[in-house]
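Chemist: Whatever this is, show me its structure:
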Amino acid sequence: MTDEIKISIRNLYKIFGDAPEKALAHVHAGMSKADLLEQENHVLGLNDINVDMPAGKTTVIMGLSGSGKSTLIRHLNRLIEPTAGEVLVDGDNILTYNARQLRDLRQHRMSMVFQKFALLPHRTVLENTGLAPSIEGKKTRAYADEATKWLDRVGLQGLGDQYPHQLSGGMQQRVGIARALTSNSDIMLMDEAFSALDPLIRTDMQDLLIDLQAELHKTIVFITHDLDEALKLADHLVILKDGFVVQQGEPQHILLNPADPYIEDFVGDINRARVLRTRSVMEKTEAPVEGLDGEVDHDDTLESVISMAEGDTNRHYRVMRDGRQVGVLHMRDLVRALVPSERGTDRALAS
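Modeler: Residues are numbered from 1 along each chain as shown. The predicted model follows:
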């Protein structure tokens with residue numbers, strides 16, 4: 001993961017109610033979310049959020065309904081104003097921005113893909129895709145080539161003259177992604193972007209996003225309530241509960257090192273073979289090893305290695321990254337990693 005931080009959230013609080021500053025004092029004194037609602041009639045939306053989002057990577061923020069994930073992402077472009085804290089983008093605290101600076105942030109530095117597509121029904125697909133330049137006053141002919149390029153890239157060749165109602169839900173969300181890309185922003189905010197889609201279409205959209213990210217290296221902030229989706233997309237995973245961060249980090253690390261029983265329950269039903277990678281369970285070594293049964297890539301899933309080994313737990317593989325050895329994978333270690341265990345056992349395995 002890159003050391004460059006694109007977005008940094010510091011001590012962020014959001015309290016909904018008539019007197020949030022007064023309620024914040026109660027939160028600082030230790031009042032719980034439930035007590036704040038019962039005693040003060042205020043809702044604690046976000047509770048001391050501290051997250052660094054790396055440039056060129058995908059940060060996934062996930063949690064159950066009411067965890068605060070959609071509230072959090074709307075602070076990044078100031079659709080919601082915080083009660084306290086800082087939101088730094090490229091080192092600048094955007095909470096100090098005036099109206100002109102905020103408009104520039106939303107038009108040129110951040111784009112947003114919504115769950116419900118948010119396409120304008122009276123505009124063509126091409127015109128919807130070019131929404132950002134059209135807001136700046138550019139005519140269709142000025143942005144048509146750029147918009148068409150991204151429509152083609154997301155698999156909508158030749159559909160620029162169609163209207164949103166003529167497209168399926170999956171195709172409409174492809175327009176939403178093309179629109180975000182046409183804005184040429186470094187940051188893409190995606191709020192439950194695939195949640196309204198059928199499972200097969202959702203999988204296709206996830207694969208499309210992964211392919212685009214490998215090519216473009218945007219800073220993506222992706223909101224979801226689906227752990228499988230989060231583990232598939234995330235470089236950095238942030239799990240929220242009741243408005244606070246329960247655990248964050250590299251998804252493989254979280255899966256093998258759940259911080260508390262809540263996370264253990266969260267990841268307990270995951271198909272670990274499809275999610276875990278060889279790099280997470282290998283023995284790290286660059287020393288030559290004799291008698292190995294072949295080579296695997298550091299990013300191969302354990303499921304693919306099991307297939308290669310035909311279930312033989314006595315096999316051992318050299319783990320390669322960019323043409324050089326980075327470790328050795330022992331099938332017995334792989335099998336142990338597939339079984340969720342009491343907290344601390346996975347942690348010892350990963351260390």
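Chemist: CA only for contacts and neighbour counts going forward, please
Modeler: Fine.
Chemist: Break down the stretch 101-250 of the chain into its helices, ranges please.
Modeler: With DSSP state H, counting those that start in this stretch as the definition, the stretch 101-250 of the chain shows helices at residue ranges 125-129, 131-135, 140-153, 169-182, 199-216, 227-233.
Chemist: Tell me where the model's unsure across this structure.
Modeler: Across the chain, the stretches falling below the confidence threshold (pLDDT under 70) are 1-3, 341-351.
Chemist: Mind telling me which residue is nearest the centre of it?
Modeler: In the chain, the C-alpha closest to the average C-alpha coordinate belongs to Val60, at a distance of 2.2 Å (CA atoms, centre = their mean).
Chemist: Please pull up the helix or strand immediately following the host helix or strand of that one.
Modeler: Per DSSP states H and E, Val60 falls inside strand 58-62. Using DSSP H and E, the helix or strand that directly follows strand 58-62 along the chain is helix 69-76.
Chemist: Toward the C-terminus from that next one, list the very next helix or strand.
Modeler: Downstream of helix 69-76, the next assigned helix or strand under DSSP H and E is strand 84-89.
Chemist: sorry, back to before: comparing the helices of the stretch 101-250 of the chain, which comes out most buried?
Modeler: The densest packing among the helices of the stretch 101-250 of the chain, expressed as mean neighbour count by mean count of other CA atoms under 10 Å, is seen in helix 125-129 with a mean of 27.
Chemist: thinking again about what came up before, can you tell me which of the helices of the stretch 101-250 of the chain is nearest to Val89?
Modeler: Val89 lies closest, by CA to CA, to one member of the helices of the stretch 101-250 of the chain: helix 169-182, at 18.1 Å.
Chemist: now the closest one against helix 199-216, angle please.
Modeler: 20 degrees (axes from the mean of the first three to the mean of the last three CA atoms, to 10 degrees).
Chemist: Check which helices and strands helix 169-182 sits against.
Modeler: Other elements packing on helix 169-182 under the criterion 3 or more CA pairs under 8 Å, 6 or more residues apart in numbering; DSSP states H and E are strand 110-113, helix 125-129, helix 131-135, helix 140-153, helix 199-216.
Chemist: Distance to Gly45 added to these, as JSON lines?
Modeler: Written out in JSON lines, the entries for the helices and strands packed on helix 169-182 read as follows (distance: least, CA to CA, whole Å):
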{"stretch": "strand 110-113", "distance to Gly45": "21"}
{"stretch": "helix 125-129", "distance to Gly45": "33"}
{"stretch": "helix 131-135", "distance to Gly45": "30"}
{"stretch": "helix 140-153", "distance to Gly45": "36"}
{"stretch": "helix 199-216", "distance to Gly45": "28"}
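Chemist: ok, back up a step: can you redo the helices of the stretch 101-250 of the chain as a markdown table with distance to Leu159?
Modeler: Putting the helices of the stretch 101-250 of the chain into a markdown table (distance: least, CA to CA, whole Å) gives the following:
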| stretch | distance to Leu159 |
| --- | --- |
| helix 125-129 | 7 |
| helix 131-135 | 16 |
| helix 140-153 | 8 |
| helix 169-182 | 10 |
| helix 199-216 | 18 |
| helix 227-233 | 28 |
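Chemist: Helix, strand, or coil at His253?
Modeler: His253 carries the three-state label helix when classified by DSSP: H, G, I helix; E, B strand; the rest coil.
Chemist: I'd like the distance between it and Asp260.
Modeler: In this structure, His253 and Asp260 are 13 Å apart, going by CA to CA, to the nearest Å.
Chemist: so which of the helices of the stretch 101-250 of the chain gets nearest Gly91?
Modeler: Among the helices of the stretch 101-250 of the chain, the nearest to Gly91 by CA to CA is helix 199-216 (21.9 Å).
Chemist: so how far is that closest one from its chain's centroid?
Modeler: From the chain centre to the centre of helix 199-216 is a distance of 12 Å (CA atoms, centre = their mean, to the nearest Å).
Chemist: Now do that helix against strand 58-62, angle only.
Modeler: Computed by the same axes, to 10 degrees, the angle between helix 199-216 and strand 58-62 is 140 degrees.
Chemist: Return the list of helices and strands in contact with helix 199-216.
Modeler: Secondary structure elements in contact with helix 199-216, counted by 3+ CA pairs under 8 Å, 6+ apart, are helix 169-182, helix 227-233.
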